[in-house]
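J.: coords please:
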Amino acid sequence: MIIHDNRPRILVWHIHGSYLYYLTQANCVFYLPFKESTEEGYGSRTPSFPWGENVISVPAEQVRELEFDCIIFQSHKNYLSDQYEILSEDQRNLPRIYLEHDPPRETPTDTRHIVDDPNILLVHVTHFNALMWNSNNTPYTVIEHGVVSAPHVHYSGELEKGIVVVNCLEKRGRRLGYDIFKRVSEEIPLDLVGMGSEALGGLGEIRNGELQTFISRYRFFFNPIRYTSLGLAVCEAMMTGLPIIGLATTEMAVTVVNDYSGYIHTDVEWLILRMKMLLNNRKKAFDLSRGARETAREKFNIRRFISDWENVFHKVCTNQNAMIA
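T.: You can find the predicted model right below:
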(Lines give C-alpha, C1' and ligand atoms only; values in the text may rest on other atoms or scores of the structure.)
Protein backbone atom coordinates (compact mmCIF):
# COMPACT_ATOMS: atom_id res chain seq x y z
CA MET A 1 0.00 0.00 0.00
CA ILE A 2 1.29 3.46 -0.93
CA ILE A 3 -0.20 6.51 0.80
CA HIS A 4 -0.51 9.68 -1.23
CA ASP A 5 -0.91 12.70 1.05
CA ASN A 6 1.19 15.57 2.37
CA ARG A 7 2.78 13.73 5.29
CA PRO A 8 6.58 13.33 5.16
CA ARG A 9 7.58 9.93 3.75
CA ILE A 10 10.30 8.31 5.84
CA LEU A 11 12.27 5.17 5.00
CA VAL A 12 13.59 3.48 8.14
CA TRP A 13 14.87 0.00 8.89
CA HIS A 14 13.34 -1.97 11.78
CA ILE A 15 16.21 -2.06 14.27
CA HIS A 16 14.83 -1.28 17.75
CA GLY A 17 11.18 -2.31 17.82
CA SER A 18 9.99 -0.36 20.86
CA TYR A 19 11.70 2.85 19.78
CA LEU A 20 10.39 2.46 16.24
CA TYR A 21 6.85 1.99 17.53
CA TYR A 22 7.02 5.25 19.51
CA LEU A 23 8.65 7.05 16.57
CA THR A 24 5.82 6.01 14.28
CA GLN A 25 3.37 7.94 16.44
CA ALA A 26 4.63 11.02 14.53
CA ASN A 27 2.45 12.42 11.76
CA CYS A 28 4.51 10.88 8.98
CA VAL A 29 4.34 7.82 6.74
CA PHE A 30 7.02 5.28 7.59
CA TYR A 31 8.16 2.71 5.05
CA LEU A 32 9.92 -0.37 6.46
CA PRO A 33 11.90 -2.52 4.03
CA PHE A 34 11.04 -6.19 4.26
CA LYS A 35 12.81 -9.43 3.32
CA GLU A 36 11.66 -13.03 3.63
CA SER A 37 14.60 -13.79 5.90
CA THR A 38 15.90 -13.13 9.39
CA GLU A 39 18.38 -10.49 8.22
CA GLU A 40 18.78 -7.66 10.72
CA GLY A 41 16.65 -4.63 9.92
CA TYR A 42 14.20 -6.29 7.55
CA GLY A 43 11.51 -7.58 9.93
CA SER A 44 9.19 -4.67 9.10
CA ARG A 45 5.74 -4.84 10.79
CA THR A 46 6.42 -7.52 13.40
CA PRO A 47 3.38 -8.82 15.34
CA SER A 48 4.78 -7.53 18.65
CA PHE A 49 3.34 -4.02 18.19
CA PRO A 50 -0.02 -2.52 17.15
CA TRP A 51 1.36 -0.64 14.16
CA GLY A 52 -0.72 2.18 12.69
CA GLU A 53 -1.88 2.64 9.11
CA ASN A 54 1.05 5.01 8.58
CA VAL A 55 3.56 2.12 8.88
CA ILE A 56 3.98 0.32 5.56
CA SER A 57 5.95 -2.80 4.69
CA VAL A 58 7.84 -2.56 1.40
CA PRO A 59 9.69 -5.48 -0.20
CA ALA A 60 13.34 -4.47 -0.18
CA GLU A 61 13.66 -4.98 -3.93
CA GLN A 62 10.90 -2.41 -4.53
CA VAL A 63 12.37 0.39 -2.42
CA ARG A 64 14.16 1.94 -5.41
CA GLU A 65 10.81 2.50 -7.11
CA LEU A 66 9.35 4.69 -4.34
CA GLU A 67 9.67 8.36 -3.45
CA PHE A 68 10.78 9.40 0.03
CA ASP A 69 11.45 12.67 1.81
CA CYS A 70 14.00 11.36 4.30
CA ILE A 71 16.12 8.27 5.04
CA ILE A 72 16.89 7.17 8.63
CA PHE A 73 19.89 4.95 9.37
CA GLN A 74 20.12 3.26 12.76
CA SER A 75 23.10 0.92 12.52
CA HIS A 76 26.52 0.53 10.93
CA LYS A 77 24.98 -2.05 8.61
CA ASN A 78 22.27 0.38 7.46
CA TYR A 79 24.86 3.03 6.72
CA LEU A 80 27.71 0.95 5.29
CA SER A 81 25.82 -1.79 3.43
CA ASP A 82 22.03 -1.60 3.32
CA GLN A 83 21.76 1.79 1.67
CA TYR A 84 23.94 0.67 -1.25
CA GLU A 85 21.99 -2.54 -1.62
CA ILE A 86 18.42 -1.23 -1.67
CA LEU A 87 18.55 2.54 -2.40
CA SER A 88 19.05 4.24 -5.74
CA GLU A 89 21.76 6.86 -6.15
CA ASP A 90 19.15 9.63 -6.04
CA GLN A 91 17.66 8.20 -2.84
CA ARG A 92 21.11 8.11 -1.24
CA ASN A 93 21.28 11.88 -1.76
CA LEU A 94 17.98 12.60 -0.03
CA PRO A 95 17.87 14.28 3.40
CA ARG A 96 19.35 11.75 5.80
CA ILE A 97 19.38 11.14 9.54
CA TYR A 98 21.55 8.75 11.50
CA LEU A 99 19.69 7.81 14.69
CA GLU A 100 22.34 6.73 17.20
CA HIS A 101 20.91 4.65 20.04
CA ASP A 102 24.08 3.90 22.02
CA PRO A 103 27.14 5.49 23.59
CA PRO A 104 30.53 4.65 22.00
CA ARG A 105 31.89 1.16 22.63
CA GLU A 106 35.58 1.25 21.67
CA THR A 107 36.55 3.97 24.12
CA PRO A 108 34.01 6.08 25.99
CA THR A 109 35.61 9.43 25.13
CA ASP A 110 37.69 9.19 21.95
CA THR A 111 35.64 7.11 19.54
CA ARG A 112 34.79 8.89 16.30
CA HIS A 113 31.30 8.27 15.00
CA ILE A 114 30.99 6.30 11.80
CA VAL A 115 29.24 9.28 10.17
CA ASP A 116 31.41 12.24 9.21
CA ASP A 117 29.21 14.19 6.85
CA PRO A 118 27.92 17.76 7.25
CA ASN A 119 24.92 16.86 5.08
CA ILE A 120 23.60 14.22 7.50
CA LEU A 121 21.97 14.95 10.85
CA LEU A 122 23.09 12.76 13.76
CA VAL A 123 20.33 12.31 16.36
CA HIS A 124 21.38 11.09 19.82
CA VAL A 125 18.79 9.71 22.23
CA THR A 126 20.48 10.98 25.41
CA HIS A 127 22.68 13.90 26.33
CA PHE A 128 25.20 11.46 27.76
CA ASN A 129 25.59 9.81 24.36
CA ALA A 130 26.05 13.16 22.66
CA LEU A 131 28.63 14.11 25.28
CA MET A 132 30.71 10.97 24.79
CA TRP A 133 30.70 10.56 21.01
CA ASN A 134 33.14 12.46 18.82
CA SER A 135 30.57 13.45 16.21
CA ASN A 136 33.19 14.70 13.75
CA ASN A 137 31.89 17.29 11.28
CA THR A 138 28.35 15.96 11.47
CA PRO A 139 25.70 18.28 12.93
CA TYR A 140 23.86 16.65 15.80
CA THR A 141 20.95 17.09 18.15
CA VAL A 142 19.41 15.20 21.08
CA ILE A 143 15.85 13.89 21.19
CA GLU A 144 15.18 12.31 24.56
CA HIS A 145 12.96 9.26 24.80
CA GLY A 146 9.20 9.41 24.79
CA VAL A 147 6.92 6.57 25.85
CA VAL A 148 3.20 5.95 25.89
CA SER A 149 1.61 5.46 29.29
CA ALA A 150 -1.08 2.85 29.80
CA PRO A 151 -3.88 4.85 31.52
CA HIS A 152 -5.54 1.74 32.92
CA VAL A 153 -2.35 0.54 34.64
CA HIS A 154 -1.62 1.61 38.21
CA TYR A 155 1.35 0.71 40.36
CA SER A 156 0.47 -1.58 43.25
CA GLY A 157 3.88 -2.85 44.40
CA GLU A 158 2.17 -5.82 46.00
CA LEU A 159 4.87 -8.32 45.06
CA GLU A 160 7.82 -8.31 47.45
CA LYS A 161 10.23 -8.65 44.55
CA GLY A 162 12.16 -6.55 42.13
CA ILE A 163 11.72 -6.80 38.37
CA VAL A 164 14.58 -6.69 35.85
CA VAL A 165 13.95 -6.20 32.11
CA VAL A 166 16.99 -6.95 29.93
CA ASN A 167 17.19 -8.92 26.69
CA CYS A 168 19.85 -11.62 26.35
CA LEU A 169 21.47 -10.67 29.67
CA GLU A 170 23.78 -13.67 29.98
CA LYS A 171 25.14 -13.29 26.45
CA ARG A 172 25.70 -9.54 26.82
CA GLY A 173 27.77 -9.96 29.96
CA ARG A 174 29.35 -7.28 32.13
CA ARG A 175 28.32 -4.29 30.04
CA LEU A 176 24.66 -5.11 30.70
CA GLY A 177 25.41 -6.11 34.30
CA TYR A 178 25.10 -9.90 34.24
CA ASP A 179 27.51 -10.21 37.15
CA ILE A 180 25.66 -7.49 39.09
CA PHE A 181 22.34 -9.24 38.52
CA LYS A 182 23.81 -12.47 39.89
CA ARG A 183 25.29 -10.69 42.94
CA VAL A 184 22.05 -8.92 43.82
CA SER A 185 20.04 -12.11 43.27
CA GLU A 186 21.96 -13.74 46.10
CA GLU A 187 20.17 -11.48 48.59
CA ILE A 188 17.17 -9.97 46.81
CA PRO A 189 14.26 -11.78 45.13
CA LEU A 190 14.32 -10.67 41.49
CA ASP A 191 12.32 -11.74 38.46
CA LEU A 192 14.01 -11.37 35.07
CA VAL A 193 12.08 -10.88 31.82
CA GLY A 194 13.33 -10.40 28.29
CA MET A 195 14.54 -12.44 25.35
CA GLY A 196 16.68 -15.37 26.48
CA SER A 197 15.88 -14.82 30.16
CA GLU A 198 14.69 -18.43 30.57
CA ALA A 199 18.35 -19.54 30.53
CA LEU A 200 18.82 -17.68 33.82
CA GLY A 201 15.57 -18.88 35.36
CA GLY A 202 13.71 -15.85 34.03
CA LEU A 203 10.15 -15.56 32.77
CA GLY A 204 10.79 -15.04 29.08
CA GLU A 205 9.79 -12.19 26.81
CA ILE A 206 6.74 -10.02 27.55
CA ARG A 207 5.01 -8.25 24.65
CA ASN A 208 5.45 -4.49 24.63
CA GLY A 209 1.73 -3.81 25.05
CA GLU A 210 1.58 -6.06 28.11
CA LEU A 211 4.79 -5.02 29.85
CA GLN A 212 3.49 -2.09 31.92
CA THR A 213 0.63 -4.19 33.28
CA PHE A 214 3.00 -7.05 34.05
CA ILE A 215 5.57 -5.01 35.97
CA SER A 216 3.09 -2.84 37.89
CA ARG A 217 2.76 -5.38 40.74
CA TYR A 218 6.50 -5.48 41.54
CA ARG A 219 7.89 -3.45 44.45
CA PHE A 220 10.67 -1.84 42.38
CA PHE A 221 12.45 -1.94 39.03
CA PHE A 222 16.15 -2.84 39.12
CA ASN A 223 18.42 -1.82 36.24
CA PRO A 224 21.80 -3.63 36.53
CA ILE A 225 23.25 -2.11 33.34
CA ARG A 226 26.71 -0.57 33.58
CA TYR A 227 27.11 1.05 30.20
CA THR A 228 24.54 1.49 27.50
CA SER A 229 21.96 4.06 26.52
CA LEU A 230 19.00 4.77 28.78
CA GLY A 231 16.76 1.77 28.19
CA LEU A 232 13.15 2.31 27.18
CA ALA A 233 12.24 -0.28 29.81
CA VAL A 234 13.41 2.17 32.50
CA CYS A 235 11.29 4.96 30.98
CA GLU A 236 8.25 2.69 30.76
CA ALA A 237 8.73 1.50 34.35
CA MET A 238 8.89 5.10 35.58
CA MET A 239 5.77 5.96 33.60
CA THR A 240 4.06 3.01 35.30
CA GLY A 241 5.19 4.33 38.68
CA LEU A 242 7.82 1.81 39.72
CA PRO A 243 10.62 3.10 41.94
CA ILE A 244 13.87 2.73 39.99
CA ILE A 245 17.06 1.27 41.45
CA GLY A 246 20.20 1.22 39.35
CA LEU A 247 23.75 2.32 38.75
CA ALA A 248 24.62 6.01 38.73
CA THR A 249 26.18 5.76 35.29
CA THR A 250 25.34 7.09 31.82
CA GLU A 251 21.99 8.97 31.58
CA MET A 252 20.69 7.23 34.71
CA ALA A 253 22.67 9.78 36.73
CA VAL A 254 20.34 12.60 35.61
CA THR A 255 17.15 10.55 35.37
CA VAL A 256 16.68 9.08 38.84
CA VAL A 257 16.82 11.29 41.95
CA ASN A 258 17.72 9.56 45.18
CA ASP A 259 14.88 9.31 47.69
CA TYR A 260 12.46 10.92 45.20
CA SER A 261 12.03 8.49 42.31
CA GLY A 262 14.30 5.65 43.44
CA TYR A 263 17.95 5.11 44.25
CA ILE A 264 21.11 5.16 42.14
CA HIS A 265 24.70 4.64 43.22
CA THR A 266 27.95 3.11 42.02
CA ASP A 267 28.10 0.96 45.17
CA VAL A 268 26.07 -2.19 44.58
CA GLU A 269 26.06 -3.06 48.29
CA TRP A 270 24.46 0.33 49.04
CA LEU A 271 21.77 -0.43 46.46
CA ILE A 272 21.10 -3.83 48.02
CA LEU A 273 20.40 -2.15 51.35
CA ARG A 274 17.88 0.18 49.66
CA MET A 275 16.18 -2.78 48.00
CA LYS A 276 15.83 -4.55 51.34
CA MET A 277 14.35 -1.41 52.82
CA LEU A 278 11.74 -1.15 50.04
CA LEU A 279 10.80 -4.81 50.39
CA ASN A 280 10.00 -4.10 54.02
CA ASN A 281 8.43 -0.68 53.52
CA ARG A 282 5.65 -0.59 50.93
CA LYS A 283 4.64 2.92 51.99
CA LYS A 284 8.09 4.25 51.08
CA ALA A 285 7.83 2.48 47.74
CA PHE A 286 4.55 4.34 47.08
CA ASP A 287 6.24 7.64 47.92
CA LEU A 288 8.97 6.91 45.38
CA SER A 289 6.35 5.73 42.90
CA ARG A 290 4.83 9.21 42.77
CA GLY A 291 8.23 10.75 42.09
CA ALA A 292 9.02 8.25 39.35
CA ARG A 293 5.69 8.86 37.62
CA GLU A 294 6.00 12.65 37.83
CA THR A 295 9.54 12.50 36.41
CA ALA A 296 8.41 10.29 33.54
CA ARG A 297 5.42 12.47 32.69
CA GLU A 298 7.67 15.49 32.41
CA LYS A 299 10.80 13.95 30.89
CA PHE A 300 9.38 11.20 28.66
CA ASN A 301 6.17 12.80 27.49
CA ILE A 302 5.21 11.22 24.17
CA ARG A 303 3.76 14.49 22.85
CA ARG A 304 7.09 16.26 23.41
CA PHE A 305 8.92 13.36 21.76
CA ILE A 306 6.67 13.45 18.70
CA SER A 307 6.94 17.24 18.47
CA ASP A 308 10.74 17.06 18.61
CA TRP A 309 10.84 14.49 15.82
CA GLU A 310 8.36 16.31 13.60
CA ASN A 311 10.41 19.49 14.03
CA VAL A 312 13.57 17.62 13.03
CA PHE A 313 11.91 16.07 9.98
CA HIS A 314 10.71 19.49 8.87
CA LYS A 315 14.13 21.10 9.23
CA VAL A 316 16.05 18.24 7.65
CA CYS A 317 13.67 18.04 4.71
CA THR A 318 13.95 21.79 4.16
CA ASN A 319 17.75 21.71 4.46
CA GLN A 320 18.01 23.46 7.81
CA ASN A 321 20.49 21.05 9.49
CA ALA A 322 22.67 23.93 10.64
CA MET A 323 19.77 25.33 12.64
CA ILE A 324 19.40 22.09 14.61
CA ALA A 325 22.88 21.41 15.92
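
J.: Asp102 - nearest residue in space that isn't next to it in sequence?
T.: Residue nearest to Asp102 in three dimensions, not counting chain neighbours: Ser229, with 5.1 Å by Cβ to Cβ, 6 or more residues apart in numbering. Quick note: C-beta positions are derived from backbone N, CA and C, even for glycine.

J.: equivalent analysis for Arg217, please.
T.: Leu159 (4.8 Å).

J.: specify the beta-bridge partners of the one you found.
T.: Here Leu159 shows beta-bridge partners Tyr218, assigned using DSSP bridges.

J.: check contacts around it.
T.: Contacts were defined as Cβ atoms under 8 Å, 6 or more residues apart in numbering; by that measure Leu159 touches 217-219.

J.: would you mind measuring from it to Val153?
T.: If you measure Leu159 against Val153 using Cβ to Cβ, to the nearest Å, the figure is 15 Å.

J.: now His16
T.: Using Cβ to Cβ, His16 is found at 23 Å from Val153.

J.: what's the answer for Ile245, then?
T.: 20 Å.

J.: of the two, who's got more company?
T.: More crowded of Ile245 and Val153, by other Cβ atoms under 10 Å: Ile245, with 25 against 16.

J.: which parts of the chain belong to which domain?
T.: Under the assignment automatic domain parsing, the domains of the chain span 9-146+302-324, 159-299.

J.: Serialize these to a markdown table and add fields for mean pLDDT.
T.: Formatted as a markdown table, the domains of the chain follow (pLDDT from 0 to 100):
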| stretch | mean pLDDT |
| --- | --- |
| domain 9-146+302-324 | 94 |
| domain 159-299 | 95 |
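
J.: and among the ones you listed, the most buried is which?
T.: domain 159-299 (a mean of 19; mean count of other Cβ atoms under 10 Å).

J.: relative to the whole chain's centre, how far out is that one?
T.: 15 Å (Cα atoms, centre = their mean, to the nearest Å).

J.: next, Asn258: phi, psi?
T.: Asn258 has phi and psi values of phi -60, psi 130 when expressed as degrees, to the nearest 10.

J.: let's number from 23 now, not from 1
T.: Understood, numbering begins at 23; the last thing we discussed is Asn280.

J.: any idea how far Gly253 is from it?
T.: As for Asn280, its distance to Gly253 is 19 Å (criterion: Cβ to Cβ).

J.: and for Tyr200?
T.: Separation of Tyr200 from Gly253 (Cβ to Cβ) stands at 15 Å.

J.: how much space separates the residue nearest to Asp124 from Asn141?
T.: With Cβ to Cβ as the criterion, Ser251 and Asn141 are 25 Å apart.

J.: cool, Glu122 as well?
T.: Using Cβ to Cβ, we find Glu122 at a distance of 17 Å from Asn141.

J.: check Arg196 too.
T.: Here the criterion is Cβ to Cβ. By it, Arg196 lies 38 Å from Asn141.

J.: Gly184 now?
T.: Separation of Gly184 from Asn141 (Cβ to Cβ): 46 Å.

J.: secondary structure element holding the nearest residue to Met217 once chain neighbours are set aside?
T.: Leaving aside its chain neighbours, Met217 sits nearest to Asn189 (4.2 Å; criterion: Cβ to Cβ, 6+ apart). In the assignment (DSSP states H and E), Asn189 maps to no helix and no strand.

J.: Asn189 is in contact with Gly216, isn't it?
T.: Yes: counting by Cβ atoms under 8 Å, Asn189 touches Gly216, with 4.2 Å between them.

J.: overlap of the contact sets of those two?
T.: Here Asn189 and Gly216 have Glu227 as joint contacts, going by Cβ under 8 Å, 6+ apart.

J.: mind listing the helices for the stretch 73-222 of the chain?
T.: 98-99, 105-108, 149-154, 191-194, 200-207 (DSSP state H, counting those that start in this stretch).

J.: adding distance to Leu301, write these out as a markdown table.
T.: Formatted as a markdown table, the helices of the stretch 73-222 of the chain follow (distance: least, Cβ to Cβ, whole Å):
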| stretch | distance to Leu301 |
| --- | --- |
| helix 98-99 | 42 |
| helix 105-108 | 50 |
| helix 149-154 | 30 |
| helix 191-194 | 22 |
| helix 200-207 | 12 |
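
J.: to Gln47, which of those helices lies closest?
T.: helix 149-154 (21.9 Å; Cβ to Cβ).

J.: assign Leu252 to helix, strand or coil.
T.: coil (DSSP: H, G, I helix; E, B strand; the rest coil).
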